[in-house]
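# Structure, please.
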Amino acid sequence: MINKPDRIVIDTNVLVSATRSRNGASFRLFSLLPSGKFEIAVSTPLVLEYEDAAKRSYPNKALSDADIDAILDYVCQVAHKQKIYYLWRPILSDPKDDLVLELAVAANAKSIVTFNAKDFRQAERFGVEVIRPQDYLKRIDNDA
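Below you'll find the model as predicted:
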């Protein structure tokens, strides 16, 4: 029997962190996308949120809009694309976090990878673990 890799949802703050620095867990997580150690899930609302946040975070244009578009194109190419048919809102205090949780539930994701675990306290009600990028990396490194 072939084990399928864990499906995860990566919160916007992790994507923005990965685009700001090549040092750190966020960048390493995205660099491991082609490894097959895990699979990410995206939805149209989450990709739009990624785009908005990434482009807003570069007022000095360290990355151009075209660079960000290329990164997001790649993410969309390798990710599991999930349609959302049922909205659970409002569950969390931030509607942008609700869309991450809704995606995780719809995509049957094991984990939400985020720096803001406190914002996702209700995720456990849906059987979704909330974990920091560095802790998720430790897990998949130990599973290798």
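# Look up how far residue 129 lies from residue 69.
31 Å (CB to CB, to the nearest Å). Yep, even glycine has a C-beta here, placed from its N, CA and C like the rest.
# So for these two, which sits in the more crowded spot?
Neighbour comparison, residue 69 and residue 129: the larger count goes to residue 129, with 18 against 14 (by other CB atoms under 10 Å).
# Could you list everything that one pairs with in the sheet?
Residue 129 has these beta-bridge partners by DSSP bridges: residue 111.
# My guess is it contacts residue 110. True?
Yes. The criterion here is CB atoms under 8 Å, and residue 129 meets it with residue 110 at 6.2 Å.
# so how far is residue 114 from residue 94?
For residue 94, the distance to residue 114 - CB to CB - is 12 Å.
# where does the chain have low pLDDT?
1-2, 58-61, 87-89, 93, 143-144 (pLDDT under 70).
# Now do the helices in it.
12-20, 25-31, 44-56, 65-78, 95-106, 133-143 (DSSP state H).
# So which of residue 94 and residue 114 has more stuff around it?
residue 114 (23 against 12).
# Now the more buried one: closest residue in space that isn't a chain neighbour?
residue 11 (3.6 Å; CB to CB, 6 or more residues apart in numbering).
# residues touching the one you found, list them.
97, 100, 112-116 (CB atoms under 8 Å, 6 or more residues apart in numbering).
# ok, of those, which one's closest to residue 140?
Nearest to residue 140 among the contacts of residue 11, counting by CB to CB, is residue 113 at 10.8 Å.
# ok, the closest one touching residue 13?
No. With contacts counted by CB under 8 Å, residue 113 stays clear of residue 13, the gap being 9.7 Å.
# Which of those two has more residues huddled nearby?
residue 113 (28 against 17).
# Return the distance of that one relative to residue 122.
Taking CB to CB, one finds residue 113 at 17 Å from residue 122.
# Please apply the same query to residue 36.
Taken as CB to CB, the span from residue 36 to residue 122 is 31 Å.
# Neighbour count: these two, which is higher?
Shown here are residue 36 and residue 122; by other CB under 10 Å, residue 122 has more neighbours (16 against 9).
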